[in-house]
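Colleague: need a 3D model of the sequence below.
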Amino acid sequence: MTPEGPKAWTDLGGGIRVRQSRAFRMNSVLLLHPTAAVAVDPGVLPSELDELAGAVREASPRSVTLVFTHAHWDHVLGRAWWPGAKSVAHDRFASELNRDRERILGEARGLAGKHGETWERGFEAFRPDLAVSGLHFMRLDPWRLVLRDAPGHCDSQLSLHLPERRLLLAADMLSDIEIPWLNRACEVYRRTLEDLLPLARGGAFETLVPGHGSIARGREAVLMRLHRDLDYLERLETGVRDALRQGLTVEAARSRLETMEYLGKDSSETPTREIHLQNVEHAYRGLEAAGPSKPPSASPAR
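Modeller: Got it, this is the predicted structure:
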């Protein structure tokens with residue numbers, strides 16, 4: 001069931017609010033304070049963006065900053081609602097946005113129409129005012145933010161950590177309704193999650209907001225998301241490696257691993273089976289390019 005009205009909003013306390021869209025169950029996050037407001041991935045439908053902009057106006061902040069976790073179309077639509085705001089994104093963000101700008105506008109219009117709305121604001125590719133990569137620390141009083149490279153799903157992806165709030169905004173990772181969705185070799189995504197494990201075990205994240213799906217609350221719930229997705233990636237990589245050793249083509253590997261067990265919502269908006277088969281191909285191409293090698297070391301102890 002998709003959220004409507006007040007049920008679409010979750011108040012995490014301390015000025016942090018999450019609005020879940022009717023489309024893709026995508027989460028937009030607002031950090032609200034009279035000194036500074038931060039909007040993370042504001043979207044997706046025009047009426048929802050109107051709501052988000054209204055919530056920011058109500059807070060009457062002296063400044064507004066937009067943070068875009070990555071350049072996929074459903075995450076980049078909100079800038080027109082805050083034309084004077086500063087923006088922050090990955091240093092690969094602008095080139096990806098420029099490459100996909102026509103598709104982004106088409107997707108926005110199509111999605112709005114599907115939900116009985118009209119997309120009237122157009123879309124223009126843009127460069128973020130601050131382009132970051134690696135590990136980047138920001139302070140927008142009172143908000144202290146840690147942005148980390150999070151490759152594997154998108155080359156311009158960043159996770160966003162609020163250490164004082166023990167909150168992780170995980171971009172398009174660690175969803176309860178989506179399996180990992182690869183754009184590179186399996187190892188790339190796996191290492192991104194492995195880098196988060198010690199932080200999660202140490203209690204750095206007590207709340208996790210994925211790009212799509214339900215919020216995970218509590219250390220064990222956060223770890224469960226990490227373990228589930230790492231388990232999927234490890235089984236995928238093992239299955240593909242076995243297929244390569246037996247000389248199977250990528251098509252044969254897809255056929256063999258089509259029935260591999262995985263968890264995820266399978267619907268027109270979240271086509272889990274199709275995503276899984278794409279993942280098989282990315283894992284195959286990655287291992288094929290790497291050549292013969294030893295199996296990867298096990299993930300850190302869980």
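Colleague: tell me where the stretch 1-150 of the chain has helices.
Modeller: 46-59, 93-114 (DSSP state H, counting those that start in this stretch).
Colleague: mind putting those helices into a markdown table with mean neighbour count, distance to residue 268 and mean pLDDT?
Modeller: C-beta here means a position set from N, CA and C on the backbone, and glycine is covered the same way. As requested, the helices of the stretch 1-150 of the chain are arranged in a markdown table below (neighbours: other C-beta atoms under 10 Å; distance: least, C-beta to C-beta, whole Å; pLDDT from 0 to 100):
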| stretch | mean neighbour count | distance to residue 268 | mean pLDDT |
| --- | --- | --- | --- |
| helix 46-59 | 17 | 19 | 99 |
| helix 93-114 | 17 | 10 | 98 |
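Colleague: hey, which helix is longest across this protein?
Modeller: helix 219-245 (DSSP state H).
Colleague: who does that helix touch, helix- and strand-wise?
Modeller: helix 186-201, strand 207-209, strand 216-217, helix 250-257, helix 272-290 (3 or more C-beta pairs under 8 Å, 6 or more residues apart in numbering; DSSP states H and E).
Colleague: re the thing from before, any chance of the helices of the stretch 1-150 of the chain in a markdown table, plus distance to residue 285?
Modeller: Putting those into a markdown table (distance: least, C-beta to C-beta, whole Å) gives the following:
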| stretch | distance to residue 285 |
| --- | --- |
| helix 46-59 | 37 |
| helix 93-114 | 20 |
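Colleague: if we can go back for a sec, angle of the longest helix of the chain against helix 186-201?
Modeller: 160 degrees (axes from the mean of the first three to the mean of the last three C-alpha atoms, to 10 degrees).
Colleague: give me the buried positions along helix 219-245.
Modeller: 219, 221-226, 228-230, 232-234, 236-237, 239-241, 243-244 (16 or more other C-beta atoms under 10 Å).
Colleague: coming back round to it: deepest in the core, which of the helices and strands packed on helix 219-245 is it.
Modeller: The highest mean neighbour count among these belongs to strand 207-209 (a mean of 25), with neighbours defined as mean count of other C-beta atoms under 10 Å.
Colleague: who does that one pair up with?
Modeller: Partner strands and pairing direction for strand 207-209 (DSSP bridges) are strand 167-169 (parallel), strand 216-217 (antiparallel).
Colleague: between the ones you listed, which gets nearest to residue 161?
Modeller: Closest approach to residue 161 among those (C-beta to C-beta): strand 167-169, 5.4 Å.
Colleague: quick one: mean pLDDT for that closest one?
Modeller: What strand 167-169 shows for mean pLDDT is 99.
Colleague: any chance of the strands paired with strand 207-209 in CSV, with distance to residue 278 too?
Modeller: Listed next are the strands paired with strand 207-209 as CSV, based on distance: least, C-beta to C-beta, whole Å:
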stretch, distance to residue 278
strand 167-169, 25
strand 216-217, 25
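Colleague: which among these is found nearest to residue 51?
Modeller: Per C-beta to C-beta, nearest to residue 51 of the strands paired with strand 207-209: strand 167-169, 19.0 Å.
Colleague: how about residues contacting the closest one?
Modeller: For strand 167-169, contacts defined as C-beta atoms under 8 Å, 6 or more residues apart in numbering pick out 12, 16, 29, 40, 69, 159-162, 196, 200, 204-209, 222.
Colleague: buried sites along that strand?
Modeller: For strand 167-169, the neighbour count (16+ other C-beta under 10 Å) marks 167, 168, 169 as buried.
Colleague: just want the most central residue of this protein.
Modeller: Central residue of the chain (C-alpha atoms, centre = their mean): residue 172, 1.8 Å from the mean position.
Colleague: can I assume that one is in contact with residue 68?
Modeller: No. The pair residue 172 / residue 68 is not scored as a contact, 11.9 Å apart, by C-beta atoms under 8 Å.
Colleague: need the overlap of contacts for the two.
Modeller: With C-beta under 8 Å, 6+ apart, residue 172 and residue 68 have common neighbours residue 75.
Colleague: tell me the predicted confidence for the residue nearest to the centre of the chain.
Modeller: pLDDT, read off for residue 172, is 98.
Colleague: and it, how far from residue 270?
Modeller: Counting by C-beta to C-beta, to the nearest Å, the separation of residue 172 from residue 270 is 12 Å.
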